[in-house]
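Visitor: Give the three-dimensional model of this entry:
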Amino acid sequence: MLELQHVLILSASLMALGVYGVLARRNAILILMSIELILTAVNLNLLAFAYFVPSNNLTGQIFALFVITIAAAEIGLAMAIILRVFKNRGTSQINELNTLRN
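Guide: Just a heads-up that it's a prediction; the model follows:
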(Lines give C-alpha, C1' and ligand atoms only; values in the text may rest on other atoms or scores of the structure.)
Protein backbone atom coordinates (compact mmCIF):
# COMPACT_ATOMS: atom_id res chain seq x y z
CA MET A 1 0.00 0.00 0.00
CA LEU A 2 1.27 3.43 -0.96
CA GLU A 3 1.81 5.83 1.90
CA LEU A 4 2.75 9.48 2.07
CA GLN A 5 6.16 8.68 3.57
CA HIS A 6 7.11 6.52 0.57
CA VAL A 7 6.23 9.26 -1.88
CA LEU A 8 8.11 11.86 0.18
CA ILE A 9 11.21 9.63 0.29
CA LEU A 10 11.06 9.24 -3.48
CA SER A 11 10.63 12.98 -3.89
CA ALA A 12 13.52 13.73 -1.54
CA SER A 13 15.79 11.35 -3.45
CA LEU A 14 14.83 13.00 -6.75
CA MET A 15 15.54 16.39 -5.21
CA ALA A 16 18.92 15.22 -3.93
CA LEU A 17 19.85 13.82 -7.35
CA GLY A 18 18.84 17.08 -8.98
CA VAL A 19 20.82 19.23 -6.57
CA TYR A 20 23.85 16.98 -7.00
CA GLY A 21 23.52 17.24 -10.76
CA VAL A 22 23.35 21.03 -10.65
CA LEU A 23 26.36 21.31 -8.38
CA ALA A 24 28.58 18.61 -9.90
CA ARG A 25 27.97 18.86 -13.64
CA ARG A 26 29.70 21.22 -16.05
CA ASN A 27 27.62 20.50 -19.14
CA ALA A 28 24.76 22.97 -19.60
CA ILE A 29 22.33 20.34 -20.89
CA LEU A 30 22.96 18.05 -17.92
CA ILE A 31 22.46 20.97 -15.55
CA LEU A 32 19.17 21.69 -17.29
CA MET A 33 18.11 18.06 -16.88
CA SER A 34 18.99 18.27 -13.18
CA ILE A 35 16.80 21.34 -12.80
CA GLU A 36 13.99 19.37 -14.40
CA LEU A 37 14.54 16.61 -11.79
CA ILE A 38 14.16 19.22 -9.04
CA LEU A 39 10.93 20.50 -10.58
CA THR A 40 9.67 16.91 -10.86
CA ALA A 41 10.36 16.39 -7.15
CA VAL A 42 8.39 19.55 -6.36
CA ASN A 43 5.48 18.33 -8.49
CA LEU A 44 5.56 14.95 -6.80
CA ASN A 45 5.35 16.63 -3.38
CA LEU A 46 2.49 18.86 -4.44
CA LEU A 47 0.47 16.02 -5.89
CA ALA A 48 1.23 13.66 -2.99
CA PHE A 49 -0.05 16.15 -0.45
CA ALA A 50 -3.07 16.90 -2.63
CA TYR A 51 -3.85 13.17 -2.75
CA PHE A 52 -3.13 12.16 0.85
CA VAL A 53 -4.39 15.22 2.73
CA PRO A 54 -8.18 15.33 2.54
CA SER A 55 -9.53 18.67 1.39
CA ASN A 56 -12.07 20.00 -1.05
CA ASN A 57 -9.83 22.48 -2.84
CA LEU A 58 -7.57 21.82 -5.81
CA THR A 59 -4.60 23.89 -4.64
CA GLY A 60 -2.01 21.13 -5.08
CA GLN A 61 -3.15 20.28 -8.59
CA ILE A 62 -3.26 23.94 -9.64
CA PHE A 63 0.25 24.59 -8.33
CA ALA A 64 1.47 21.44 -10.08
CA LEU A 65 0.05 22.74 -13.37
CA PHE A 66 1.85 26.05 -12.80
CA VAL A 67 5.12 24.21 -12.15
CA ILE A 68 4.67 22.14 -15.32
CA THR A 69 3.99 25.31 -17.32
CA ILE A 70 7.05 27.05 -15.90
CA ALA A 71 9.18 23.95 -16.57
CA ALA A 72 8.03 23.83 -20.20
CA ALA A 73 8.82 27.51 -20.72
CA GLU A 74 12.16 27.13 -18.97
CA ILE A 75 13.22 24.15 -21.06
CA GLY A 76 12.29 25.90 -24.31
CA LEU A 77 14.11 29.12 -23.50
CA ALA A 78 17.15 27.47 -21.93
CA MET A 79 17.59 25.00 -24.78
CA ALA A 80 17.43 27.85 -27.29
CA ILE A 81 20.13 29.73 -25.38
CA ILE A 82 22.30 26.61 -25.00
CA LEU A 83 22.02 25.73 -28.69
CA ARG A 84 22.90 29.30 -29.71
CA VAL A 85 25.93 29.31 -27.41
CA PHE A 86 26.98 25.92 -28.76
CA LYS A 87 26.66 27.18 -32.32
CA ASN A 88 28.77 30.27 -31.59
CA ARG A 89 31.36 28.76 -29.25
CA GLY A 90 31.44 25.08 -30.17
CA THR A 91 31.00 23.90 -26.59
CA SER A 92 28.30 23.64 -23.95
CA GLN A 93 30.69 23.25 -21.02
CA ILE A 94 29.89 25.86 -18.38
CA ASN A 95 33.47 26.31 -17.16
CA GLU A 96 34.65 27.17 -20.70
CA LEU A 97 32.05 29.90 -21.14
CA ASN A 98 33.51 32.63 -18.97
CA THR A 99 32.30 35.59 -21.05
CA LEU A 100 29.17 36.23 -23.05
CA ARG A 101 30.77 38.48 -25.64
CA ASN A 102 32.36 37.33 -28.91
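
Visitor: in this protein, which helix has the most residues?
Guide: helix 59-89 (DSSP state H).

Visitor: now that one: mean pLDDT?
Guide: Mean pLDDT, helix 59-89: 91.

Visitor: Which elements pack onto that helix?
Guide: The helices and strands touching helix 59-89, judged by 3 or more CB pairs under 8 Å, 6 or more residues apart in numbering; DSSP states H and E, are helix 28-52. Where you see a C-beta, it was placed from the backbone N, CA and C, and this is true even at glycine.

Visitor: Contacts for the helix it packs on next, please.
Guide: 3-4, 7-8, 10-12, 14-15, 17-22, 25, 58-61, 63-64, 67-68, 70-71, 74-75, 78-79, 82, 85, 92-94, 97 (CB atoms under 8 Å, 6 or more residues apart in numbering).

Visitor: just stretch 71-81 next, same as before
Guide: Residues from elsewhere that reach stretch 71-81, judged by CB under 8 Å, 6+ apart: 28-29, 32, 35-36, 39.

Visitor: Please list only the buried members of those residues.
Guide: Among the contacts of stretch 71-81, those buried by neighbour count (16 or more other CB atoms under 10 Å) are 28, 32, 35-36, 39.

Visitor: Pipe these into a markdown table and attach pLDDT and distance to Phe52 per row.
Guide: Output for those, formatted as a markdown table (pLDDT from 0 to 100; distance: CB to CB, whole Å):
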| residue | pLDDT | distance to Phe52 |
| --- | --- | --- |
| Ala28 | 89 | 37 |
| Leu32 | 92 | 31 |
| Ile35 | 94 | 26 |
| Glu36 | 94 | 24 |
| Leu39 | 95 | 21 |
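
Visitor: mind listing what Ile82 touches?
Guide: So Ile82 contacts 28-29, 32, 92 (CB under 8 Å, 6+ apart).

Visitor: go with 10 Å
Guide: 27-29, 31-32, 92 (CB atoms under 10 Å, 6 or more residues apart in numbering).

Visitor: Look up how far Asn88 lies from it.
Guide: Remark: distance between Ile82 and Asn88 (CB to CB, to the nearest Å) = 11 Å.
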